[in-house]
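A.B. asks: Please work out how this folds:
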Amino acid sequence: MQQIIIQLSGGIGLFLLGMSLMTDSLKAMAGESLRQWLGRFTGSPTKAMMSGIGFTLVVQSSTATTLATIGFVSAGVLSFTQAIGVIIGANIGTTSTGWMVALLGLKFSVSMIALPMVGVGAMMKLLGKNTTALLGLALAGFGLLFIGIDFLQSAMAGFAEQVDLSRWSNDDLMTRLILVLIGIVMTILLQSSSAAITATLAALAGGAIDLPQALALVIGQNIGTVATAVLAAIGATVSAQRTAAVHVVFNVVTAVVAFFVLMPAVLWQVRDGVLVGWENVLIIALFHTAFSVMGAMLFMPFTHQLQRLLEWMIPERIDASNTHYLDESLFSMPAVAIGAAKQALCQTTASVLNQVIRAYRAEISGSQVDGAPLDDCLQKVDNYLKKMPVPQAQSDQENLMRLLQLIVYIRVLREDLTHAAFIDVLRDHMDPAQMQQVIDQFEMLTAYLADMPRWLPEQFAQGFVHFGDSMKAQKTDARFAIIEQSALSQTHVAQALDLIVAHRWLDRLVKHSAKMVRLLAMPTEDEEYANP
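C.D. replies: Okay, here's the model as predicted:
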């Protein structure tokens with residue numbers, strides 16, 4: 001028995017390790033394109049559901065899709081409405097693992113193929129770079145996954161010989177509910193419904209359990225997946241909590257219907273219907289898929305009603321901070337985590353620059369420009385990046401370096417804004433046409449930063465840089481004009497000096513803003529603006 005337990009735990013461990021390697025590497029390869037893809041193909045509930053199916057088929061983990069969706073909602077990439085469809089699609093997509101195990105892992109021994117896959121994958125990881133290395137990890141993970149299934153199948157066959165579970169195979173309601181509870185606990189302990197279902201299929205194939213027991217366990221294992229989502233939503237944004245609630249409601253309601261309707265129907269079809277003669281492992285895979293498809297058919301027509309219900313149950317909290325985008329659940333997708341930090345910085349910078357515009361319009365004084373929100377955001381982004389693991393993909397590393405550069409530029413801008421009181425001096429003496437040009441340029445910049453696209457439009461970037469260059473070219477003439485006015489006693493000497501210093505401050509503000517604009521506009525580093 002001790003040998004069986006060791007083999008069982010080792011098989012589960014290899015399966016989980018393989019699944020983790022495969023999922024993490026595939027997500028890293030997807031990178032920023034995943035964020036763009038989800039934003040583009042989730043415009044309607046049906047498209048969102050298909051995106052959820054597609055993403056889960058790629059990463060082979062509904063838990064990964066659910067956590068990613070919660071993170072995307074926290075980061076503002078997806079709306080709550082879009083997330084509903086993605087969550088429903090993820091539950092359908094995860095059934096592919098059951099089919100893969102039933103058709104490949106339990107049909108024949110794949111260890112002779114899996115071992116070379118691990119070897120080739122390891123060599124690709126060691127010798128390759130970027131995508132090749134990540135692809136090697138995915139290949140090695142895929143091989144480990146099937147080696148784990150092989151160990152599980154052997155362990156379960158030995159378990160069936162030594163343990164009699166026949167007393168759990170009756171049709172009593174309480175017995176089946178206990179099996180559902182066991183399925184829930186399995187998923188919570190393994191932190192993967194795919195691993196739990198694979199263990200169930202291996203036990204079924206090895207004769208340790210029968211078909212009715214396996215059906216009840218699968219129902220419980222689907223419910224168990226909500227535990228991870230609930231934990232991820234604690235302390236997250238309201239939209240993320242609502243997204244986790246969708247996962248809970250969908251899985252629980254669908255499980256209840258499957259327990260009382262679908263499971264009896266399947267057992268009836270096995271005895272007297274179209275499923276007579278089917279292999280048990282294939283019936284479980286079919287049941288798992290039918291389970292999730294039935295749930296989609298129940299919920300998809302009522303997504304708007306579900307949205308309103310959850311919005312009423314979990315009301316919005318008033319939160320003016322942009323740092324709610326900094327969700328640590330995004331660390332598994334560095335491209336999206338970096339994008340969230342960038343979005344928080346850009347939106348906070350926009351809110352502070354909007355105060356500068358108001359000061360130029362005399363709505364507030366320059367001394368009232370408050371840079372404290374920017375200080376808070378910079379500090380929270382620093383703490384966020386310290387916790388984030390170093391990304392493996394080169395594209396993610398480049399994006400991280402660009403983000404660090406952006407932080408440097410924003411810190412310099414923040415230092416400039418400590419002297420925003422100069423705006424009052426400029427407002428009283430600056431040429432109205434030039435002042436309006438400053439307002440117009442910063443209004444456009446603020447609008448773009450507040451609703452940050454992936455890159456700033458190149459046309460705007462060129463226009464802003466040209467505006468900065470023209471101000472720099474006029475700097476000497478403006479200084480001489482101020483000195484001349486002072487010499488003709490039109491301006492007091494002290495006022496003239498203040499005005500000169502104020503113009504120099506404005507030149508620096510525009511110059512540093514132009515560097516930030518070029519960084520946000522170009523997908524590659526611009527050496528001309530490499531240093532603040």
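
A.B. asks: Just the CA coordinates for stretch 381-392, please, in CSV.
C.D. replies: What follows is stretch 381-392 as a C-alpha-only set of coordinates in CSV (Å, rounded to 0.1, in the frame of the first residue of the first chain):
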residue,chain,number,x,y,z
VAL,A,381,4.1,50.7,-8.8
ASP,A,382,7.6,50.4,-7.3
ASN,A,383,6.2,47.9,-4.7
TYR,A,384,4.3,46.1,-7.4
LEU,A,385,7.3,45.6,-9.6
LYS,A,386,9.4,44.4,-6.7
LYS,A,387,6.9,41.6,-6.2
MET,A,388,6.7,40.7,-9.9
PRO,A,389,8.9,37.8,-11.0
VAL,A,390,11.4,38.5,-13.7
PRO,A,391,9.7,37.7,-17.1
GLN,A,392,11.3,35.0,-19.3
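
A.B. asks: Can you give me the buried ones in it?
C.D. replies: Residues of stretch 381-392 classed as buried under the neighbour-count rule (16 or more other CB atoms under 10 Å) are Val381, Tyr384, Leu385, Met388, Pro391, Gln392. (Each C-beta comes from the backbone N, C-alpha and C, glycine too.)

A.B. asks: Now the element after the host helix or strand of Gly85, going C-ward?
C.D. replies: Secondary structure assignment for Gly85, by DSSP states H and E: helix 80-93. For helix 80-93, the following helix or strand on the C-terminal side (DSSP H and E) is helix 95-100.

A.B. asks: follow-up on the earlier one: what is the mean pLDDT for the helix holding Gly85?
C.D. replies: Rounded to a whole number, the mean pLDDT of helix 80-93 is 85.

A.B. asks: Over to stretch 284-292?
C.D. replies: Mean pLDDT, stretch 284-292: 89.

A.B. asks: For that stretch, give me every contacting residue.
C.D. replies: Applying CB atoms under 8 Å, 6 or more residues apart in numbering, the external contacts of stretch 284-292 come out as 91-92, 94-95, 98-99, 101-103, 197, 200-201, 204, 211, 214-215, 218-219, 222, 254-255, 258, 262-263, 266, 275, 278.

A.B. asks: just the strands in this structure please.
C.D. replies: Read by DSSP state E, the chain holds no strands at all.

A.B. asks: By mean pLDDT, point me to the weakest helix or strand of it.
C.D. replies: Sorting the helices and strands of the chain by mean pLDDT, DSSP states H and E puts helix 475-487 at the bottom, at a mean of 55.

A.B. asks: isn't Leu282 right up against Ala102?
C.D. replies: Yes. In terms of CB atoms under 8 Å, Leu282 counts as a neighbour of Ala102; the distance is 5.4 Å.

A.B. asks: out of these two, which sits in the busier spot?
C.D. replies: Neighbour count, other CB atoms under 10 Å: between Leu282 and Ala102, Ala102 has more, with 24 against 17.

A.B. asks: Who are the contact partners of that one?
C.D. replies: Residues in contact with Ala102, defined by CB under 8 Å, 6+ apart, are Leu201, Glu279, Val281, Leu282, Ile284, Ala285.

A.B. asks: before we move on, what about Pro315?
C.D. replies: Each residue near Pro315 by CB under 8 Å, 6+ apart is listed here: Val238.

A.B. asks: What does the pLDDT read for it?
C.D. replies: pLDDT recorded at Pro315 is 81.

A.B. asks: Also Ser61?
C.D. replies: For Ser61, the pLDDT comes out at 66.

A.B. asks: got it, and Asp164?
C.D. replies: 50.

A.B. asks: Ok, Gly224 next?
C.D. replies: Per-residue confidence for Gly224 comes out at a pLDDT of 86.

A.B. asks: I'd guessed it sits against Leu181; true?
C.D. replies: No. Proximity of Gly224 to Leu181 does not meet the contact threshold set by CB under 8 Å, at 9.6 Å.

A.B. asks: what about those two, which has more around it?
C.D. replies: Shown here are Gly224 and Leu181; by other CB under 10 Å, Gly224 has more neighbours (26 against 15).

A.B. asks: which non-adjacent residue is nearest the more buried one?
C.D. replies: Thr187 (2.7 Å; CB to CB, 6 or more residues apart in numbering).

A.B. asks: Could you tell me the per-residue confidence at the one you found?
C.D. replies: Thr187 carries a pLDDT value of 82.

A.B. asks: neighbours around it, how many?
C.D. replies: Around Thr187 there are 25 other residues, counting by other CB under 10 Å.

A.B. asks: swap in Asp272?
C.D. replies: Based on other CB under 10 Å, the number of other residues close to Asp272 is 9.

A.B. asks: next one: Val101
C.D. replies: With neighbours defined by other CB under 10 Å, the count for Val101 comes to 28.

A.B. asks: My guess is it contacts Ala199. True?
C.D. replies: No. Counting by CB under 8 Å, Val101 sits too far from Ala199 to count as a contact (9.9 Å).

A.B. asks: Tell me how far Pro315 lies from Ser239.
C.D. replies: Taking CB to CB, to the nearest Å as the criterion, Pro315 is separated from Ser239 by 12 Å.

A.B. asks: Ok, Leu215 next?
C.D. replies: Applying CB to CB, one obtains 35 Å for the distance of Leu215 from Ser239.

A.B. asks: Comparing those two, which residue is more hemmed in?
C.D. replies: When Leu215 and Ser239 are compared for neighbours, Leu215 comes out ahead with 29 against 24, by other CB under 10 Å.

A.B. asks: does the more buried one really touch Leu267, like I thought?
C.D. replies: Yes. Because the distance of 7.3 Å satisfies CB under 8 Å, Leu215 is recorded as touching Leu267.

A.B. asks: Please enumerate residues in contact with stretch 383-392?
C.D. replies: Contacts with stretch 383-392, where a contact means CB under 8 Å, 6+ apart, come from 28, 133-134, 326, 328, 331, 334-335, 337-338, 341, 397, 400, 403-404.

A.B. asks: Determine which two of these are furthest apart.
C.D. replies: Across these, the two members that end up farthest from each other (CB to CB) are Ala133 and Leu326, 28.0 Å apart.

A.B. asks: so what's the nearest residue to Ile423 once chain neighbours are set aside up against?
C.D. replies: In space, not counting the residues next to it along the chain, Ile423 is nearest to Gly366; the distance is 3.4 Å by CB to CB, 6+ apart. Listed by CB under 8 Å, 6+ apart, the contact set of Gly366 reads Ala359, Ala420, Ala421, Phe422, Ile423, Asp424, Arg427.

A.B. asks: Perfect, I'm done here.
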